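1. Show me how the following folds:
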Amino acid sequence: MVAIAVTGCKQAFQQLYRRHHKRVYAICFRLSGQAHLADDMTQACFIRLWNKLDQFRGDSQFTTWLHRLCVRQAINELKVQQSWWRRFIPTEQLEPQDIPTVAFDEYHQLDKCIAKLPQRTRMVFVLCAIEGYQHKEIAALLNIAEGTSKAQYHNAKQFLQEMLA
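-> You can find the predicted model right below:
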């Protein structure tokens, strides 16, 4: 399917979208904590996929390559979104919002608690605990020290334990 989509076949790309959009949305939702941002980020991920599909070399599974592409795209989207809003919103109003009240069958109580974490802490926790990244990789992706990644992960675990107790 990927080989056909690389040639520019829109139907093949649509099949890739149908096959992978739920996973991509889940990554984006967990990183952003907000449904409307996850929707926008998912769309941006698939636009990037369309533009970068010819760079898939087949050295790894397509899903692994897509996952990396989506995590990087989502992090970049969050950085851009955060820097844009910081120009207009006082710092004290930048606390993360509660996740929307719309019930998602795919998400459990843990996901709701994760959404309440501060953005950077949430990103570290999701990348480490859910997506399986090492602290060294997280530090490079988020441009933070490895020790900061470890500390934020520890803080996230404590917060989640308290929320779920």
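2. Outline the domain layout of this structure.
-> Using automatic domain parsing, the domains assigned to the chain come out as 1-94, 100-165.
3. mean confidence for the shortest one?
-> Pointing back at domain 100-165 there. Averaging pLDDT along domain 100-165 yields 82.
4. can you pull the contacts of L53?
-> Contact analysis of L53 by CB atoms under 8 Å, 6 or more residues apart in numbering lists 2, 5-6, 13. Where you see a C-beta, it was placed from the backbone N, CA and C, and this is true even at glycine.
5. Filter those residues down to the buried ones and hand me the ChimeraX line.
-> A single ChimeraX command selects the buried members of these (16 or more other CB atoms under 10 Å):
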select :5,13
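6. neighbours of L117, just the number please.
-> 21 (other CB atoms under 10 Å).
7. could you list every residue that touches it?
-> Here L117 is in contact with 33, 96, 125, 156, 159-160 (CB under 8 Å, 6+ apart).
8. Tell me which two of these sit farthest apart.
-> Comparing every pair within the contacts of L117 by CB to CB identifies P96 and L160 as the most remote, at 14.0 Å.
9. about what we covered before: so of the contacts of L53, which ones are in helices?
-> With DSSP state H as the criterion, helices contain 2, 5-6, 13 from among the contacts of L53.
10. now, which of those sits nearest Q134?
-> For the ones in helices among the contacts of L53, the minimum distance to Q134 (CB to CB) is 27.0 Å, reached by V2.
11. pretty sure that closest one contacts F62?
-> Yes - with contact defined as CB atoms under 8 Å, V2 and F62 form a contacting pair (5.2 Å).
12. list residues touching both of the two?
-> F56.
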